[in-house]
Structure formats: structure tokens, C-alpha cells
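**Student:** Below are the sequence and a predicted model for it; my questions follow.
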Amino acid sequence: MATEAEPGRRRRCCTQDAPDVPKATEPRGDSDGPRRGSLCDRHCAAINNVQGDLGDLGCHLHRPRVPPAMSPPLCCQQHSEEVCESCVVKTTLTAENVVEANKLSNNYKFGFKKWKSHVTARPWEDRSEIVKELYSDLNVIRGSGGSTVTCGNVLYLLLFGWWLSFLYVLVAAVMFITVVGAPYGRLCWDLARYFLWPFGKVIQKVEVPKSHRALGTCEAGAEASGAGETSALLGGPVPRRWRPWCWADAGHWQRAGAVAWLCLGYPVLVLAHGLVCITAWLLVFLIPVAKLSARTTTRILLLPPERVLVRRLKMTEVPLEGEVILCCYRAVNPYYYKYAVDGINVFAVNLLPLVLVTLVLGYVDSHNRLTSSPVKFTLALLSIMPLSYYIGMAIASISAQSNFAVGAVVNATFGSITELTFYITALIKGSREGNRCYAEIVKSALTGTLVGCVLFVPGLCMVIGGIRHQEQRFNSRSAGVSSALLFLSVGGELGTGVSPGPGGVPPVWVPTPCPSIPTGVFAPTLFSKVYGKLVCGECHNVTQNPLGHYLCQNCHFDLMENNGTLYYSHVQPLVYTVSLLLPAAYLIGLFFTLKTHSHIYDIHISDCHMPGHHHSAVVHWSRWRALVILLLSTLCMSACADLATEHISPILTNSTISQYFIGVTVLAMVPELPEIVNGIQFALQNNLSLSIEIGNCIAVQVCMLQIPILVLFTIFYPTNFTLVFSDLHVYASMFSVVLMNYIFMDGKCDYFQGTVLVMVYFILLAVYFFAPSPSGC
């Protein structure tokens, strides 16, 4: 089996270019890895693990062979403690062009947005037959494709076929009544039978002999000029592009029947096909039906009826001479989720009108006369998804076409813009209304993003990728950088015990700290639990004994006693200090991974060309176009975030679900859906390293960039946001980071480990679902 032979393949990496060194024996029995005593073998295995993670669509990865003269002759035999020099081989990353290679290289850099889609147009010859079929014009006659009776074709009949055919029959009757439009009536009758079941049929444009049709003025003039004029330079006939342009079959439109058709029949059919086209396009998988309707409207219905031939295609019949206009076999193609328009995925294109509808309804209908607040909140939240996609595409395009410094600045500036716009607008609204619930919602969303990106995103990618691949490996050293930063951000765990004061008087209970190390964003929270005063709303003596047990409710740590001396003198300076140190640690992580220790990613770009191909880069978005789209998307994102926070208040007030649950699920994970889709696509391509890095990088940015920015924002615009989280947020975040570090230690995983992460995430969601809302909200 491949899995059994893989260790042997790794073990030979040191000896493949050294003919004088004997090859290591193949493992036997229960041996499932390289020799433990050889550091060289372990390093070889690590490099192979990294190399196996760097596969990507549209690129090839290969390891250049090391010349025999460069290989130490006794490297793998001596089992020395030094790293085997012949094993330290760069992984060469090859792509279609330089821009695409830069994008692929940026995917493996810490702090850069991971982007799956191409930022340049792929050469047509390099695409698969499945993808080529997606972009076909439905005018290719294929061989036997099996029966045309499929579920998708039956769905077309139920959704569009029957009423579209009936409409053609009605138009045919109208055209027959006009007498002069009888040729169009016969055409509509043929098209009625065609659109009832168009599969396996063909529509052709046939040539009518000139003796059977009258030439129009434009055609006659064109023929006369073509026969009498010659080119002054070449001495031949005038090229077609130099002749006066005229509408095809212009003479035909001077007939009375054509006028009746343009007034009575064509407008009705255009509206019907337009409705079919829009509906089928929005359903994505029915895009062939949209192409069918669009081609009918723009080509077939504008041709003279005598030049349109509708016929059933038989395998034993030779097709007539003439241009094939329509030939459709399937109404549904499940691969249309890959379809892109100018590099933009079809789902993002379809959701773009939703943004316009949201903005119009939100700002025009400010008094909720047309729609309610929950509807506007839902629309605003859904509009964030396509805008997140456009922002990610723009960032990836600019980074791929720019140098390292520009790419790093753009990623650091706009990488978290989606979440920050929502958080800042929510805090501003809460400050204006004097409502602290908005600050609690922001904290819940921050915690939900952290927990979801640490548990749910990698866990889901492991499960889906594990269905196709039995075991997936990733670069544990590169993943360890983000894991270490996460551990630094979240910190250790601190518990508090409570004991009664002298005389058993409940109001003077004081916390008893348990030994631990408070660090990261939760340091102020743990600091307040140690030094804050526990205040309870009401306490009842359960045992009727002054020294007995007390049952207290609505307890919290008060930091504002003695006119806020504890908070302003101790907690607030600590908050600002942490908010400055965390971004500094993030910058150090960038410098470590991108400058001094970039070799941990083991990536090398050679000539940046596919073997046998040399293509120039045809970018979908230029730098200026990407910059304009980035700024417009950011502006629309701010408007949608403002609408979401404007209409979230009724939901928080009237909902029976805990506000904690709303924050950690809907508000936290909906903006991250494009990133989740990217992670799943990487996992399906056996590239789990990028799937893990997507979640880790978002979580690191939450702790080291987003939270410090929100804290520093309060200096310029006072809000109710303080860096003091509830116990539930603290424990959920710490447990998630510890579990993630434990799972990622060995550099390999399967669907079972992914299931564990997903189950733990759902358990935490259940805890949030049944948890009471924050006090006062």
C-alpha cells in the first residue's frame, strides 16, 4: 500500500543522489516511520511532510535533485546530531506566471490572507474538460451522452418548460391572426415544441439562396462596394472591416411581418426569457438554462424565420450545413459552483445585488414602513459575506502584484476591516444610547470568532478533507508560530475562590486567587478578579447560622470603588499596556516568519512557469482596479455594519435566545464564511497547512490586532468597551487554544481529530445557548 511504502520513500531522500551510500532497508512489520536514532531521517521526513502540504490547484511542486558532489558521502550512516545537508532541499513552487506564483507564495506567509481562487486568467489549454464545458456557448454537437431524461431536465420541465412552451403557442396564435406575421407564427410553433423539452435537439441557422430572398438596401450596397472597390495597398477586395457596417438581414426588417413581430411577439418573449434567465442564473446550477434563454433572445428571435431550423438530432443523421446556434443536453450542471465572471465567483456575483437592496431599504425606509428591523438586520448581515469576498480578492490581487512591503501593509490594514467595521459601529451606537449591551455583544462576537477559528474552521476542514484523504499532514513548525502567538494572546488560567469575611458578613467577601500566570488579552480580566471587590445584589443565609452558607445572586467584581481608584490607577494602565504589547508581538512574529526564519515554510520560487508553457500574466484585477474595489467594498461594509447595529436592538430585546449565543454564532461566524470556504477547498486538495493557517491567522488577528485597536479607539471616542471579559469567555477561549495546541503537536491529523474539534465547538455553543444573557441586557 502507498501508506506503507511512504516511510521508505522518505528514508531514501538522503541517499537518492549518493550512489556510494547504500540505501536504507525498507521497513518491515510494525515499522511506520523513519529510524528514531537518526536525526537526518527525521529531518527528511519533516521536509517531505512540508512538501506534501504545498499542493495547490494550478501549480506543480517539485524538489530539485541535489548533485552527487554536494551530498556528504556518509551523512545518513553516521547518525550524527548535525542536520543532514543533503536533506535541506528547498521545495520549488511553480505556477503559470509570476503574479500567480506571488499569490501562492503569499498564502504560506504569516499575516497574509490565504486566497484559493486565481488572481490571473488561467490558460485555456491548461483547464480541465469539466471547466471548459462550463464556459461553452451551448452550440457544440456531442456524441452519445446517454439518456436525456435526468432529474435536472425534469426539473427544467417543471420550472420553466411547460409555461414557456404554452407562451410560445399563444404568441404563435397571435402572429397567425395578423396574417403578415404567419412566418413568425410557424417559428413560434416550432420553438414551443423545442422549449418544452430542448434536450437532444438542435437549432441551426441555415443559408437561404439569394434567388429566394430580396436583398435589402444595405446588403445590395455592400455587395456593390465589395465587387467594385479594391484595396489601394494590396490590390485586392476591400477588407470586411473597412466596409460600411449594416445590420444583418436589414432588408428583412422593412417587411410588415417583421414590424408586427417586433410590436406584438418579441417583447413578450423577451420578458419571459429574461425572467427565466435571471431565475436560472440565481440558482447557479441552472446556468445552462440561463445561457439557453439569453442566446434565444439575442440570436434566434432576431433572425428571419426562414433561416431558423429546429430539428431533433439523431445519431445516424448527418447534420445539415449551417451554423449551430443552440444544442443543449443538460439543464443542470453541479460543477457550476466553480463558474467565475472576470475572476469573481458566481455566488459573489449573485449576492452583489443583495448589497444594493440592503442599502436602499436601510437608508430610504428609515421608519420601517416597507420592512421590519429583523429583516433589515438579516439583509445587512448577509450583505457582509459578498463584501468580505471582494475585500479578500482585492487584497490578494494587490499583494500578488506588489512587493513584500506593500503586501504586508495592505494585509495588516484591511485584513480585519470586515470585523472592525461592525465592532466599532456597535460600540459607537452603544455609547450614544448609554447601553452597555452593545459592548457585551462585541465581546461575545470576538470570543466567538476566536473559538470558531480555533476549533470549528480547522475541525471542519479536517473532517471534509479526511473523507477524501485517509491521513493529512501539515507543517507543524509553521503552524507552531501562530499557535505560540495564540497561547501568548490568551494566556494561562486563573480561578478565584470566595470566603466570608470576619463575622460572616456577606458584603465584605473577598476573592482568594489560585496560582497561575495571567497573560494576553485576558490579563486585565484576571487582574480584576484578583484585586476587585466582589459585590452581590442579595444574599440569603441558607443554614440560619451567621457562620453558615450564604446564597448570593447578581454578584460581580466592582472596580469603581473609592471613585474608581482601582480601575483608573491600576486596571486601565494595564489595559493600555497589553494593547501596545500584543501588536508588538504580532510584528515580531511577522519579522520572524517572513525575514529571519522564512526557511520554516521551505518554499522556493524558480522560473514561475508551468513545464512546457510560457504565459504572460493576464490579471483579473489590476492594482488600481483592485484598490478602487477594496475602498468601495470597505465603504459598503461600513454602511451595512451601521445598518446591522441600527436594527439589532429589537432582536436583542425580544429574542428569548441568550445574547451570548447570538454574538458567538451569527455575529462572529457569518463574516468568516468566505474564509471557511477557502479552508475547505484547500483541505480537499490535501493542503491542510493552509486550512489550519486560515483559522489560526484570524484568531491571532482577533487577539493581537482587533482587540487592541478597539481598546485604543476608546481613547479617541469614549465607549463602554473595557478589556474585562466574563468567566465563560475566558474559559472557553483558554480551553480552545490548549486543545488546538494538543491536536497540532504531531503534524498530522485525520477526520476523527477533526470531529473532536467540531464536537467540542458544538458543546461550547450549547453552553452559550443555555447561558443567561448578560446582566442588565
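**Tutor:** Received it, and whenever you're ready, just let me know what you need. Residues are numbered from 1 along each chain as shown.
**Student:** which residue ranges form the helices in the stretch 201-350 of the chain?
**Tutor:** 217-228, 256-260, 266-282, 287-298, 346-364 (DSSP state H, counting those that start in this stretch).
**Student:** Now tabulate the ones you listed in CSV and tack on mean neighbour count and distance to G200.
**Tutor:** Every C-beta, even on glycine, is put in place using the N, C-alpha and C of the backbone. As requested, these are arranged in CSV below (neighbours: other Cβ atoms under 10 Å; distance: least, Cβ to Cβ, whole Å):
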stretch, mean neighbour count, distance to G200
helix 217-228, 13, 35
helix 256-260, 17, 31
helix 266-282, 17, 19
helix 287-298, 21, 13
helix 346-364, 16, 26
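**Student:** Which one, of the ones you listed, ends up nearest to L170?
**Tutor:** Closest approach to L170 among those (Cβ to Cβ): helix 266-282, 8.4 Å.
**Student:** For the closest one, name the packing helices and strands.
**Tutor:** Secondary-structure packing of helix 266-282 (3 or more Cβ pairs under 8 Å, 6 or more residues apart in numbering; DSSP states H and E): helix 162-177, helix 287-298.
**Student:** To I391, which of those helices lies closest?
**Tutor:** Between I391 and the helices and strands packed on helix 266-282, the tightest spacing by Cβ to Cβ is seen for helix 287-298, at 25.5 Å.
**Student:** The closest one packs against which elements?
**Tutor:** Using 3+ Cβ pairs under 8 Å, 6+ apart, the elements in contact with helix 287-298 are helix 266-282, strand 323-327.
**Student:** swap the cut-off to 10 Å and go again
**Tutor:** helix 129-134, helix 151-156, helix 182-196, strand 201-205, helix 266-282, strand 323-327 (3 or more Cβ pairs under 10 Å, 6 or more residues apart in numbering; DSSP states H and E).
**Student:** is it possible to export those to a markdown table including mean pLDDT?
**Tutor:** Shown next, in a markdown table, are these (pLDDT from 0 to 100):
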| stretch | mean pLDDT |
| --- | --- |
| helix 129-134 | 85 |
| helix 151-156 | 93 |
| helix 182-196 | 93 |
| strand 201-205 | 88 |
| helix 266-282 | 94 |
| strand 323-327 | 85 |
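**Student:** Tell me which of these approaches V410 most closely.
**Tutor:** helix 129-134 (29.6 Å).
**Student:** Give me the contacts around the closest one.
**Tutor:** 122, 124-125, 127-128, 140, 142, 287-288, 330, 333, 335-340, 346 (Cβ atoms under 10 Å, 6 or more residues apart in numbering).
**Student:** In strands only, show me those residues.
**Tutor:** Among the contacts of helix 129-134, the residues falling in strands (DSSP state E) are A340.
**Student:** Grab the CA positions of stretch 158-176 and hand them over as CSV.
**Tutor:** Output of stretch 158-176 as CSV, limited to C-alpha atoms (Å, rounded to 0.1, in the frame of the first residue of the first chain):
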residue,chain,number,x,y,z
LEU,A,158,-41.5,21.7,-14.1
LEU,A,159,-40.0,25.1,-13.5
PHE,A,160,-39.8,26.6,-17.0
GLY,A,161,-40.6,24.3,-19.8
TRP,A,162,-44.4,23.9,-19.7
TRP,A,163,-45.3,27.6,-19.3
LEU,A,164,-42.6,28.8,-21.7
SER,A,165,-43.9,26.4,-24.3
PHE,A,166,-47.5,27.5,-23.7
LEU,A,167,-46.5,31.1,-24.1
TYR,A,168,-44.9,30.4,-27.4
VAL,A,169,-48.2,28.7,-28.5
LEU,A,170,-50.1,31.9,-27.6
VAL,A,171,-47.7,34.1,-29.4
ALA,A,172,-47.9,31.8,-32.4
ALA,A,173,-51.7,32.2,-32.4
VAL,A,174,-51.4,36.0,-32.3
MET,A,175,-48.9,36.1,-35.2
PHE,A,176,-51.2,33.8,-37.3
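**Student:** Report the rounded mean pLDDT for that stretch.
**Tutor:** With pLDDT averaged residue by residue, stretch 158-176 scores 94.
**Student:** May I see the buried residues of it?
**Tutor:** L159, F160, G161, L164, S165, L167, Y168, V171, A172, V174, M175 (16 or more other Cβ atoms under 10 Å).
**Student:** so can I have JSON lines of those residues showing distance to M745?
**Tutor:** Shown next, in JSON lines, are the buried residues of stretch 158-176 (distance: Cβ to Cβ, whole Å):
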{"residue": "L159", "distance to M745": "52"}
{"residue": "F160", "distance to M745": "55"}
{"residue": "G161", "distance to M745": "58"}
{"residue": "L164", "distance to M745": "60"}
{"residue": "S165", "distance to M745": "63"}
{"residue": "L167", "distance to M745": "65"}
{"residue": "Y168", "distance to M745": "66"}
{"residue": "V171", "distance to M745": "70"}
{"residue": "A172", "distance to M745": "73"}
{"residue": "V174", "distance to M745": "75"}
{"residue": "M175", "distance to M745": "75"}
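**Student:** so who does K429 touch?
**Tutor:** With Cβ under 10 Å, 6+ apart, K429 has these contacts: N435, Y438, D642, T645, E646, I648, S649, T719.
**Student:** Indicate which one of the helices and strands packed on helix 287-298 is closest to T371.
**Tutor:** Per Cβ to Cβ, nearest to T371 of these: helix 266-282, 20.0 Å.
**Student:** and the closest one with helix 162-177, angle?
**Tutor:** If you take axes from the mean of the first three to the mean of the last three Cα atoms, to 10 degrees, helix 266-282 sits at 170 degrees to helix 162-177.
**Student:** Ok, which of the helices of the stretch 201-350 of the chain comes nearest R311?
**Tutor:** Closest to R311 of the helices of the stretch 201-350 of the chain is helix 287-298 (Cβ to Cβ; 16.0 Å).
**Student:** Kindly provide the distance from Q470 to F752.
**Tutor:** 11 Å (Cβ to Cβ, to the nearest Å).
**Student:** With V206 instead?
**Tutor:** Distance of V206 to F752, computed by Cβ to Cβ: 63 Å.
**Student:** between these two, which one's more packed in?
**Tutor:** V206 (13 against 10; other Cβ atoms under 10 Å).
**Student:** Skip the chain neighbours and tell me the closest residue to G663.
**Tutor:** Spatial nearest neighbour of G663, chain neighbours left out: S444 (2.5 Å); criterion: Cβ to Cβ, 6 or more residues apart in numbering.
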